[in-house]
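>>> quick one, what's the 3D model for this:
(one chain, ligands or ions: 1)
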Amino acid sequence: MSAPDYGRAFTLWRDAAPLWQAYTRHEFVEALRRGDLPRANFLHYLRQDYVFLTHFARAWALAAAKSDTLAEMQAASATVQALVHHEMPLHVQICAAEGIDAQALEATTEAPANLAYTRYVLEAGYSGDFLDLMAALAPCVMGYGEIGARLKGAGGPYSDWIETYAGAEYQALCHDVGSLIDGALAHRLGPDWASLPRFGQLGQRFATATRLEVGFWQMGLEGV
Ligand SMILES: Cc1ncc(C[n+]2csc(CCO)c2C)c(N)n1
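Next comes the predicted model:
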């Protein structure tokens, strides 16, 4: 099965990122697909992911602040809304069902891999512009989209998690973010954006964020 098409910039960045396969086909992902990932590892990952989402909601809010157009502001604020009102409460709910209450979840000590990734993305936004932020955020959004599309229908104990990212709603979000990025590049850099040095520099950011996603999965496998 070929990967979904989430846009031109994403495809160029992905095909140039050395660790893209290491991220989207990581052993943690394969264990989710087979259903033999130990529950303790999944919960450890989910607790860290809750902290991660807090920072990603901040990063998307920063993207709203760094937007140039109404369409950019709408897309960024819609993502903040989805994160804060859907994805984060879902983590709270799953953890509560496993005996980790909201207070314990909020008190989670952040793992170094989590610190590295989230602060890298926030720093891209603080010291860079909207494009820097998008390049740093794209691996997270689209990587989970590719993983969901590939694992769709796998069944097993992690099927809820898989089908969240395989579902039409999440796949539509990946396409929307892909269009947002292509539009933002054309708006700021002009129609020849793909051939400019700046586009290559943004690709480096994308590759670094991809490397940090590999570290996040690795943390999920090891640090229980
Ligand atoms: C380590 C890690 N990477 C990516 C995602 C997926 N994700 C995080 S924020 C966001 C944007 C809109 O919901 C998406 C899809 C995750 N949960 N954890």
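>>> wait, doesn't residue 57 sit right on residue 85?
No. In this structure, residue 57 is not within contact of residue 85 by Cβ atoms under 8 Å, at 10.1 Å. C-beta: built from backbone N, CA, C; applies to glycine.
>>> which helix or which strand is home to residue 182?
helix 168-189 (DSSP states H and E).
>>> after that helix, which helix or strand is next?
helix 197-222.
>>> if we can go back for a sec, determine how far the helix holding residue 182 lies from the middle of the whole chain.
14 Å (Cα atoms, centre = their mean, to the nearest Å).
>>> what angle separates that helix from helix 197-222?
150 degrees (axes from the mean of the first three to the mean of the last three Cα atoms, to 10 degrees).
>>> so which residue of the protein comes closest to the ligand?
residue 140 (3.7 Å; Cβ to the nearest ligand atom).
>>> what residues are up against that residue?
56, 121, 209, 213 (Cβ atoms under 8 Å, 6 or more residues apart in numbering).
>>> need the overlap of contacts for residue 57 and residue 85.
By Cβ under 8 Å, 6+ apart, no residue touches both residue 57 and residue 85.
>>> which of those two has more neighbours?
residue 57 (18 against 10; other Cβ atoms under 10 Å).
>>> show me which residues of this protein sit near the ligand.
Counting by Cβ under 6 Å from any ligand atom, the chain comes close to the ligand at 49, 52-53, 56, 79, 82-83, 87, 140-141, 144, 213, 216.
>>> repeat that for 5 Å
Selection of the chain residues close to the ligand by Cβ under 5 Å from any ligand atom yields 49, 56, 87, 140-141, 144, 216.
>>> as TSV, those residues with secondary structure, distance to residue 22 and pLDDT would be great.
Shown next, in TSV, are those (DSSP: H, G, I helix; E, B strand; the rest coil; distance: Cβ to Cβ, whole Å; pLDDT from 0 to 100):
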residue	secondary structure	distance to residue 22	pLDDT
49	helix	19	96
56	helix	21	97
87	helix	24	90
140	helix	15	97
141	helix	18	96
144	helix	15	97
216	helix	12	98
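>>> residue nearest the centroid of the chain?
residue 140 (1.8 Å; Cα atoms, centre = their mean).
>>> contacting residues around stretch 58-69?
Applying Cβ under 8 Å, 6+ apart, the set of residues contacting stretch 58-69 is 72-73, 76-77, 79-80, 83, 118, 121-122, 125-126, 129-130, 133-134, 136-137, 184, 187-188.
>>> restricting to C-alpha, output it in PDB.
Extracted C-alpha coordinates of stretch 58-69, given in PDB (Å, rounded to 0.1, in the frame of the first residue of the first chain):
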ATOM      1  CA  ARG A  58       1.200  25.800  22.900                       C
ATOM      2  CA  ALA A  59       3.200  25.500  19.600                       C
ATOM      3  CA  TRP A  60       0.000  25.600  17.500                       C
ATOM      4  CA  ALA A  61      -1.200  28.600  19.500                       C
ATOM      5  CA  LEU A  62       2.100  30.200  18.600                       C
ATOM      6  CA  ALA A  63       1.500  29.300  15.000                       C
ATOM      7  CA  ALA A  64      -1.800  31.200  15.300                       C
ATOM      8  CA  ALA A  65       0.100  34.200  16.700                       C
ATOM      9  CA  LYS A  66       2.600  34.000  13.800                       C
ATOM     10  CA  SER A  67      -0.100  33.600  11.100                       C
ATOM     11  CA  ASP A  68      -0.300  36.000   8.200                       C
ATOM     12  CA  THR A  69      -3.700  35.200   6.800                       C
END
